[in-house]
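Enquirer: Okay, sequence plus prediction incoming.
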Amino acid sequence: MALIFVTRKIPDIGIKWMRDGGHEVVVSEKDRVLTPKELKAELSSRPYEGVVSLLTDTIDEKVLKAAPSVKIVSNYAVGYNNIDVEAMEDAGVVVTNTPGVLTDTVAEYATALILAVAKRIPEADKFTRAGKYKAWAPELLLGSDLAGKKLGIVGAGRIGQGVARRLSIGFGMDVIYYDIAKNEKLEKKMDCEYCGELEVLLKQADVVSLHVPLLPSTKHLINAERLAMMKSSAYLINTSRGPVIDESALVAALKDGTIRGAGLDVFEDEPKLARGLKSLNNVVITPHIASASEETRDKMSQLVAFNMNEFFLGREVPNMVFKK
Ligand code: NAD
C-alpha cells in the first residue's frame with residue numbers, strides 16, 4: 001500500500017481505482033491550482049510515495065527536495081512539459097503520462113476550432129445575440145471554405161494525424177505535414193505530403209494546425225518571422241502548448257492582416273492572454289479545454305490510476321516518459 005497525493009480533484013473513477021488498489025489517496029482540499037509553496041508544504045507534510053500531478057503543477061527539483069519519499073509522478077495529461085523529467089530521472093523518480101485516451105477528443109476539438117474561425121461562428125453568434133441581424137445579406141460575415149485547400153499539420157503524432165484524417169476525409173482538404181522525421185507509415189495510410197522544412201509548409205498551407213510537444217526546440221516555433229511566411233488568407237490553430245507560438249507576435253500578425261485568423265486553446269502565459277488578443281475578432285480563444293469531454297476526462301483519470309497501480313505492483317510501468 002502506498003500513500004498518494006492528488007494535487008487537485010480529478011474525476012472520481014481514478015481515485016476509486018487507486019483506493020481499490022489498496023492505496024491511501026489524499027486529494028488536495030483546495031479545488032484550485034496549488035502555489036509552489038502550497039504544493040511543497042502538502043508534499044512534505046506526509047511521506048508520500050506517489051503524486052498525481054496536473055499540467056498546472058510545476059514538478060521540479062525543489063518539489064522533489066520537499067518530497068524525498070516520492071517514487072512516481074503520474075501526470076494527468078499527455079504533455080509533460082510541467083515536469084523536469086531530467087531531474088526526476090536523476091533522482092530515480094518515474095514519470096508517466098496519459099497518451100492515446102485523449103487523441104480523438106483533441107483532434108475533434110482542433111477541427112472545431114478550424115471550423116469556428118474559418119466560418120466565423122463565434123463572431124456570428126455574438127452578432128446575432130447583439131440584435132444586429134436585420135436581414136439576410138449577400139456579403140454578411142463571409143468566411144472561408146476548406147474543401148480543396150491545404151491543411152498543414154505541424155507535429156504529425158497521434159493528435160496531428162487525427163486532425164489530418166478528419167479534415168482530409170470529412171472536409172476534402174489536402175494534407176501536408178512537418179515533423180522531425182518523415183513518416184512513411186503515415187504516408188501509406190493516408191494521402192499526405194511531407195515538408196522537410198517548416199518554412200515550406202508555412203508558405204503553402206491555408207490552415208496550419210500545431211500538434212508538437214512543448215520542448216526547448218519548439219518554444220516560439222511560430223514567431224514573427226515565420227508568421228510572415230504564411231499566406232495572408234491562412235489560419236493558425238494551436239491546441240498544443242501556448243509557448244509554441246510567440247503570442248505577442250501573433251497578436252501583431254492578426255492585427256495587421258499578416259494572417260487571416262487564429263484558433264487558440266492554449267496561451268503562452270496561461271491563464272493570462274497577450275495584450276490585445278481578446279479584443280480581436282479574427283481569433284477564437286478557449287480556456288485549454290481541448291481534451292475536456294466527460295468520457296475522456298474519466299479515461300485520463302483511469303489511466304493515471306492504472307499507471308500508479310501498475311508501478312506499485314512492481315510491474316512494467318505503462319506510459320513512462322523519459323527526457324528528450
Ligand atoms: P505525439 O507525441 O503523438 O505527437 C507529437 C509529434 O510532434 C510527434 O510526431 C513528434 O515527432 C513531433 N515533434 C516533436 N518535436 C518536434 C519538432 N521540434 N518539430 C516538429 N515536430 C516535432 O503527441 P500527441 O499525443 O499527438 O500530443 C501532442 C501535444 O498536444 C502534447 O504534447 C500536448 O502538449 C498537446 N495536448 C494539448 C491538449 C489540450 O488540452 N489543448 C490536450 C492533449 C495534448
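Expert: That came through fine. Residues are numbered from 1 along each chain as shown.

Enquirer: Just give me the neighbour total for whatever residue of the chain ends up closest to the ligand.
Expert: Using CB to the nearest ligand atom, the closest approach of the chain to the ligand is made by Gly157 at 1.8 Å. C-beta: built from backbone N, CA, C; applies to glycine. Neighbourhood size, Gly157 [other CB atoms under 10 Å]: 18.

Enquirer: The residue lying closest to it once chain neighbours are set aside and Pro138, how far apart?
Expert: Distances taken as CB to CB, 6 or more residues apart in numbering put His211 closest to Gly157, at 6.2 Å, once the chain neighbours are dropped. Distance, His211 to Pro138, by CB to CB, to the nearest Å: 37 Å.

Enquirer: between the two, which one's more packed in?
Expert: Neighbour totals were compared for His211 and Pro138, and His211 leads with 26 against 5 (other CB under 10 Å).

Enquirer: biggest helix in the chain by residues?
Expert: helix 294-312 (DSSP state H).

Enquirer: Can you tell me what sits against that one?
Expert: If you take CB atoms under 8 Å, 6 or more residues apart in numbering as the criterion, helix 294-312 is touched by 2, 4, 10-18, 21, 23, 49-50, 52, 71-72, 74-77, 94, 96, 98, 101-102, 104-105, 291, 316-319.

Enquirer: Just the ones of the residues you listed in helices?
Expert: If you go by DSSP H, those have Asp12, Ile13, Gly14, Ile15, Lys16, Trp17, Met18, Asp104, Thr105 in helices.

Enquirer: Select from those residues the one having the most neighbours.
Expert: Using other CB under 10 Å as the neighbour criterion, Gly14 leads the ones in helices among the contacts of helix 294-312 with 27 neighbours.

Enquirer: Please name the nearest non-neighbouring residue to that one.
Expert: Gly14 sits nearest to Ser301 (CB to CB, 6+ apart), 3.2 Å away.

Enquirer: how many other residues sit next to that neighbour?
Expert: 24.

Enquirer: How about the one 3 residues further on?
Expert: Residues within reach of Val304, counting by other CB under 10 Å, total 29.

Enquirer: Which residue comes closest to it once chain neighbours are left out?
Expert: Ser74 (4.4 Å).

Enquirer: Can you spell out which residues form a bridge with the one you found?
Expert: Beta-bridge pairing of Ser74 under DSSP bridges involves Val52, Thr96.

Enquirer: Quick check: it touching Ile83?
Expert: No - under the criterion of CB atoms under 8 Å, Ser74 makes no contact with Ile83, lying 10.5 Å away.

Enquirer: which neighbours do the two share?
Expert: Ser53.

Enquirer: Which of these two has more residues huddled nearby?
Expert: With neighbours defined as other CB under 10 Å, Ser74 and Ile83 compare such that Ser74 has more, 27 against 24.

Enquirer: ok so, going back, and the residue of the chain closest to the ligand, how far is that from Tyr178?
Expert: Counting by CB to CB, the gap from Gly157 to Tyr178 is 12 Å.

Enquirer: And Ser232, by the same measure?
Expert: For Ser232, the distance to Tyr178 - CB to CB - is 20 Å.

Enquirer: more neighbours, those two?
Expert: More crowded of Ser232 and Tyr178, by other CB under 10 Å: Tyr178, with 24 against 11.

Enquirer: tell me the contacts of the more buried one?
Expert: Neighbouring residues of Tyr178 by CB under 8 Å, 6+ apart: Gly152, Ile153, Val154, Gly155, Ala156, Tyr194, Cys195, Gly196, Glu197, Leu198, Val200, Leu201.

Enquirer: The fifth one: neighbouring residues, count only.
Expert: The one in question is Ala156. Ala156 has 25 nearby residues by other CB under 10 Å.

Enquirer: So it, which state does it fall into?
Expert: Following DSSP: H, G, I helix; E, B strand; the rest coil, we place Ala156 in the coil state.

Enquirer: Repeat that for the first one.
Expert: What three-state DSSP gives for Gly152 is strand.

Enquirer: rewinding a little: and the buried ones among the contacts of helix 294-312, selectable in ChimeraX?
Expert: Command for ChimeraX that selects the buried part of the contacts of helix 294-312, burial taken from 16 or more other CB atoms under 10 Å:
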select :2,4,10,11,14,15,17,18,21,23,49,50,52,72,74,75,76,77,94,96,98,101,102,104,105,291,317,319
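
Enquirer: could you pick out which of the contacts of helix 294-312 are near the ligand?
Expert: Leu102, Ser291 (CB under 6 Å from any ligand atom).

Enquirer: per-residue confidence at Leu140?
Expert: Leu140 carries a pLDDT value of 98.

Enquirer: Tell me how far it lies from Tyr235.
Expert: Leu140 is 20 Å from Tyr235, by CB to CB.

Enquirer: re the thing from before, buried ones in the longest helix of the chain, by neighbour count?
Expert: Buried, per 16+ other CB under 10 Å, within helix 294-312: 296-312.

Enquirer: ok and it relative to helix 12-20, angle-wise?
Expert: For helix 294-312 against helix 12-20, the angle by axes from the mean of the first three to the mean of the last three CA atoms, to 10 degrees is 20 degrees.
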